[in-house]
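Engineer: Following is a predicted model, sequence given first.
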Amino acid sequence: MMNQEIERRRTFAIISHPDAGKTTLTEKFLLFGGQIQVAGAVKNNKIKKTATSDWMDIEKQRGISVSTSVMEFDYIAPSKPPRGETSDAVSSPPGGSEGGLLYKVNILDTPGHQDFAEDTFRTLTAVDSAIIVVDGAKGVETQTRKLMTVCRMRKTPVIIFINKMDREGRDPFDLLDELEQELEIKVRPLSWPINQGAKFKGVYNIYEQKLDLFTPDKQRVTEKVSVQLGSPELDARIGTIDAEKLRDDLELVEGVYPEFEVETYRAAEVAPVFFGSALNNFGVQELLNCFVEIAPSPRPTKAEERDVNPEEPKFTGFIFKITANIDPNHRSCIAFCKVCSGRFQRNIPYLHVRQQKTMRFTSPTQFMAQRKSTIDEAWPGDIVGLPDTGGVFKIGDTLTEGEQLHFRGLPSFSPELFKYIENDDPMKAKQLQKGIDQLMDEGVAQLFINQFNNRKIIGTVGQLQFEVIQYRLENEYNAKCRWEPVHLYKACWISSDDEQELEQFKKRKYQYMAKDKEGRDVFLADSGYMLQMAQQDFKHLQFHFTSEF
Ligand SMILES: Nc1nc2c(ncn2[C@@H]2O[C@H](COP(=O)(O)OP(=O)(O)OP(=O)(O)O)[C@@H](O)[C@H]2O)c(=O)[nH]1
Ligand SMILES: [Mg+2]
């Protein structure tokens with residue numbers, strides 16, 4: 001039972017540079033999963049819906065994603081392993097119905113904007129694989145490159161979707177070369193585009209050996225036909241010129257790229273590549289079908305003490321994300337817990353390791369598009385929402401059935417930009433305090449309290465974060481804040497084995513000392529020179545640029 005549940009789960013993140021089409025693609029996946037009936041991108045449709053996964057107010061207004069959305073759906077995939085894949089290479093999960101295999105897909109749609117990259121990095125700690133979306137006209141962009149570094153570090157298997165083929169883009173062979181170079185991974189196309197832009201006719205599905213013809217329709221699933229590459233039917237369908245070109249291209253593909261092997265993909269050595277158009281719902285189902293078939297089911301998770309296997313009977317999990325106020329009528333936080341092993345059950349007492357407290361959860365939730373519903377159990381790979389009415393969880397917290405275990409997350413990085421945050425409405429000081437506390441628990445930015453003047457400093461990696469904080473304080477907490485400049489170069493955590501030197505340093509630099517949310521000592525350097533001098537003068541002191549040391 002348990003192994004079956006684990007086998008059929010696919011937990012993955014969609015990542016890329018802003019605007020490549022992650023949310024659009026997510027939405028189309030949900031459409032195939034039967035989770036939504038209307039795609040938000042549909043034009044000429046009176047139902048004006050914004051993309052389903054971008055449900056926070058500010059995201060709707062700006063049309064960009066500012067935090068990760070978590071969603072799940074069941075998906076029945078075609079049962080036959082195409083192209084005579086050996087059945088032990090691709091294990092078929094049981095529980096299928098009507099000849100198909102029933103998968104449980106957990107999808108995490110991440111924000112591309114660099115200001116919210118920390119949210120995306122943390123999301124990558126909770127997934128077993130990733131789909132990278134690349135804009136066919138733009139190629140590999142900066143954020144995609146950075147995110148791929150994290151995937152490489154963690155050996156996360158990736159599939160690449162080259163999107164927006166309905167627009168004039170780059171030559172597919174050039175794109176593939178660029179992917180290999182810029183993302184430092186071998187690639188293997190599993191589909192191939194027939195023209196692009198205005199002349200885009202569809203893709204040939206190399207993996208299933210099927211022709212997928214393009215009819216611009218944003219909602220319906222397009223016609224798929226099994227056509228032998230050599231047959232005259234191909235010419236009849238797409239015209240002789242394009243048929244010839246396709247044959248030549250595919251011959252080149254087969255010559256240049258080695259045969260696709262699931263093992264090399266799962267070992268994060270090779271990235272399969274698909275072409276399509278998310279907006280036009282094109283090439284999306286092929287991607288999804290192949291994805292559920294080849295993507296890994298939940299893998300072991302590293303804890304400080306040991307590696308935890310999903311098949312272990314006892315429940316373990318960790319918090320990788322906290323969101324305040326998903327539901328405007330319900331002003332509490334939700335902590336997102338990734339189940340790493342065993343079966344999670346409602347109303348069963350679990351150990352909150354950091355607090356050494358036992359707690360049970362009466363209303364754990366799962367997320368489907370805009371709805372959430374209470375669940376009784378969850379399996380490894382699943383993401384469970386745990387309501388938190390006040391400061392129970394922090395990112396990185398571990399839950400177990402009693403074992404003293406600490407899952408390793410990603411540390412906070414030392415921020416780049418700093419501003420004093422001031423109350424702009426004296427009547428609302430309490431609301432402001434509460435809002436700042438919750439947003440910081442969520443990991444929206446970092447808070448430092450200057451020990452000299454007691455003022456609060458917010459540290460971020462991008463300007464937009466300040467705007468989001470201000471907006472959310474107003475909209476969710478009914479509080480007003482004002483930003484004031486503070487001249488700072490870097491905030492770094494300090495520690496030392498030499499108590500005396502540490503005290504001496506703090507005394508000497510008292511104007512520049514602050515505490516972070518956990519009460520740790522932080523040194524606020526106002527220039528690179530000042531930091532260098534401090535490092536020279538205090539040799540036994542350690543300066544840390546991430547919060548984990
Ligand atoms: N022409 C064309 N446009 C597309 C396609 N897919 C997405 N778009 C458009 O690209 C824009 C960005 O799409 P999103 O899905 O919001 O991009 P995103 O990657 O989620 O962006 P962030 O969440 O902000 O990082 C939207 O205007 C989409 O309609 C496509 O296949 N073709
Ligand atoms: Mg998005």
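Structural biologist: Structure's in. What do you need? Ligands and ions are numbered 1, 2, ... in the order given.
Engineer: all helices of the stretch 301-450 of the chain, in order?
Structural biologist: Across the stretch 301-450 of the chain, reading from the start of the chain, the helices by DSSP state H, counting those that start in this stretch fall at 429-441.
Engineer: for the stretch 101-250 of the chain, that is, sorry about that
Structural biologist: Along the stretch 101-250 of the chain, the stretches classed as helices by DSSP H, counting those that start in this stretch are 117-124, 142-154, 172-183, 232-238, 240-256.
Engineer: just checking, next helix/strand downstream of the longest one?
Structural biologist: Downstream of helix 240-256, the next assigned helix or strand under DSSP states H and E is helix 262-266.
Engineer: Report the distance from that following helix to the chain centre.
Structural biologist: Relative to its chain's centre, helix 262-266 lies at 21 Å (Cα atoms, centre = their mean, to the nearest Å).
Engineer: can you tell me which residues contact Tyr204?
Structural biologist: For Tyr204, the residues meeting the contact criterion (Cβ atoms under 8 Å, 6 or more residues apart in numbering) are Ser191, Trp192, Ile194, Lys210, Leu211, Asp212, Leu229, Leu246, Leu250. For every residue, glycine as well, the C-beta is placed using N, CA and C.
Engineer: Could you save those as a markdown table and add columns showing distance to Glu182, pLDDT and neighbour count?
Structural biologist: Below are the contacts of Tyr204 laid out as a markdown table (distance: Cβ to Cβ, whole Å; pLDDT from 0 to 100; neighbours: other Cβ atoms under 10 Å):
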| residue | distance to Glu182 | pLDDT | neighbour count |
| --- | --- | --- | --- |
| Ser191 | 21 | 93 | 24 |
| Trp192 | 21 | 94 | 19 |
| Ile194 | 25 | 91 | 25 |
| Lys210 | 30 | 83 | 16 |
| Leu211 | 30 | 83 | 24 |
| Asp212 | 27 | 78 | 23 |
| Leu229 | 30 | 84 | 14 |
| Leu246 | 26 | 94 | 23 |
| Leu250 | 24 | 94 | 15 |
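Engineer: And the helices of the stretch 101-250 of the chain: which comes nearest ligand 2?
Structural biologist: Of all the helices of the stretch 101-250 of the chain, helix 117-124 sits nearest to ligand 2, with 10.7 Å by Cβ to the ion.
Engineer: that older thread, quick one: which of the contacts of Tyr204 sit in strands?
Structural biologist: Using DSSP state E, Ser191, Trp192, Ile194, Lys210, Leu211, Asp212 are the members of those that sit in strands.
Engineer: tell me the secondary structure for the residue of the stretch 401-549 of the chain found nearest ligand 1?
Structural biologist: When Cβ to the nearest ligand atom is the measure, the stretch 401-549 of the chain has its nearest residue to ligand 1 at Leu464, with 10.9 Å between them. The three-state assignment at Leu464 reads helix, by DSSP: H, G, I helix; E, B strand; the rest coil.
Engineer: returning to that earlier point: against ligand 2, which of the ones in strands among the contacts of Tyr204 make the cut? List them.
Structural biologist: With Cβ under 5 Å from the ion as the criterion, no member of the ones in strands among the contacts of Tyr204 is in contact with ligand 2.
Engineer: from these, which single one is nearest Arg167?
Structural biologist: Proximity of the ones in strands among the contacts of Tyr204 to Arg167, judged by Cβ to Cβ, is greatest for Ile194, which lies at 14.9 Å.
Engineer: The closest one bridge partners, please.
Structural biologist: On the basis of DSSP bridges, Ile194 is bridged to Gly202.
Engineer: go on, Lys419?
Structural biologist: Bridge pairing for Lys419 (DSSP bridges) gives the partners Ile458, Pro485.
Engineer: about what we covered before: please produce CSV containing the contacts of Tyr204, extended by distance to Val392.
Structural biologist: As requested, these are exported to CSV (distance: Cβ to Cβ, whole Å):
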residue, distance to Val392
Ser191, 46
Trp192, 51
Ile194, 54
Lys210, 50
Leu211, 54
Asp212, 48
Leu229, 59
Leu246, 57
Leu250, 56
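Engineer: contacting residues for the closest residue to the residue of the stretch 401-549 of the chain closest to ligand 1 other than its chain neighbours?
Structural biologist: If you skip the residues right next to it in sequence, Leu464 has Asp115 as its closest partner in space, 4.1 Å away by Cβ to Cβ, 6 or more residues apart in numbering. The contact partners of Asp115, taken as Cβ under 8 Å, 6+ apart, are Val66, Thr460, Val461, Gly462, Gln463, Leu464, Gln465, Val468.
Engineer: Pick the one among those closest to ligand 2.
Structural biologist: Val66 (8.9 Å).
Engineer: Could you give the backbone dihedrals for the closest one?
Structural biologist: Listed backbone geometry of Val66 is phi -110, psi -10, with angles given as degrees, to the nearest 10.
Engineer: thinking again about what came up before, now do the residue nearest to Leu464 against ligand 2, distance only.
Structural biologist: 14 Å (Cβ to the ion, to the nearest Å).
Engineer: Show me what from the chain comes close to ligand 1.
Structural biologist: Remark: the part of the chain in contact with ligand 1 comprises 16, 18-24, 41, 64-65, 111-113, 163-164, 166-167, 277-280, using Cβ under 6 Å from any ligand atom.
Engineer: So what would you say the end-to-end distance of stretch 292-305 is?
Structural biologist: Using Cα to Cα, to the nearest Å, the end-to-end distance of stretch 292-305 comes out at 32 Å.
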